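Asker: Have a look; sequence and predicted model below, questions after that.
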Amino acid sequence: MRQSNSGGLVYSTEAGRMCPVCRQALSACTCRAKANAAAADALARGDGTVRVGRETGGRGGKVVSVVRGVPLSGEPLAALAKRLRNGCGCGGTVKDGVIELQGEHRDRLVALLTAEGFRVKRVGG
């Protein structure tokens with residue numbers, strides 16, 4: 001008998017959303033945690049070069065300095081973001097492994113990241 005992966009329980013009023021693979025509640029899903037950990041490891045490895053650029057798209061014309069490719073994840077990445085925010089004297093956040101800082105700080109970020117021991121490239125105009 002063949003079983004389809006596309007069917008099955010998706011939501012339960014008792015447990016909420018369900019994982020279609022292991023059929024557990026998303027809060028207790030074990031297969032998704034393994035997949036997320038593997039994806040985070042692959043993202044953290046990258047090519048070893050940290051890229052510093054700037055973006056304005058979708059922000060009402062405001063400039064945001066963006067740091068991509070940092071070979072860290074989780075708490076170490078958040079701690080690095082905090083050091084960069086303090087060094088630039090601005091606000092910012094970490095979204096999906098990318099550090100976003102408010103304002104144009106590319107030159108200062110390149111100097112700070114080089115001092116931290118990263119190989120850094122300035123990208124964009």
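Answerer: Done, it's in.
Asker: Every contact and neighbour count from this point should use C-alpha atoms.
Answerer: OK.
Asker: which residues of the chain score low on pLDDT?
Answerer: 1-15, 20, 32-46, 125 (pLDDT under 70).
Asker: Got the domain ranges for it?
Answerer: Domain ranges of the chain: 1-45, 46-122, per automatic domain parsing.
Asker: what's the most buried one of those domains?
Answerer: The highest mean neighbour count among the domains of the chain, using mean count of other Cα atoms under 10 Å, belongs to domain 46-122: a mean of 16.
Asker: Show me what the longest strand along the chain is in contact with.
Answerer: In the chain, with assignment by DSSP state E, the single longest strand is strand 49-55. With contact meaning Cα atoms under 8 Å, 6 or more residues apart in numbering, strand 49-55 is reached by 63-71, 104, 106, 109-110, 118-124.
Asker: mind listing what that strand pairs with, with the direction of each?
Answerer: strand 64-68 (antiparallel), strand 119-122 (parallel) (DSSP bridges).
Asker: Would you reformat those strands as CSV and include distance to residue 30?
Answerer: Putting the strands paired with strand 49-55 into CSV (distance: least, Cα to Cα, whole Å) gives the following:
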stretch, distance to residue 30
strand 64-68, 29
strand 119-122, 35
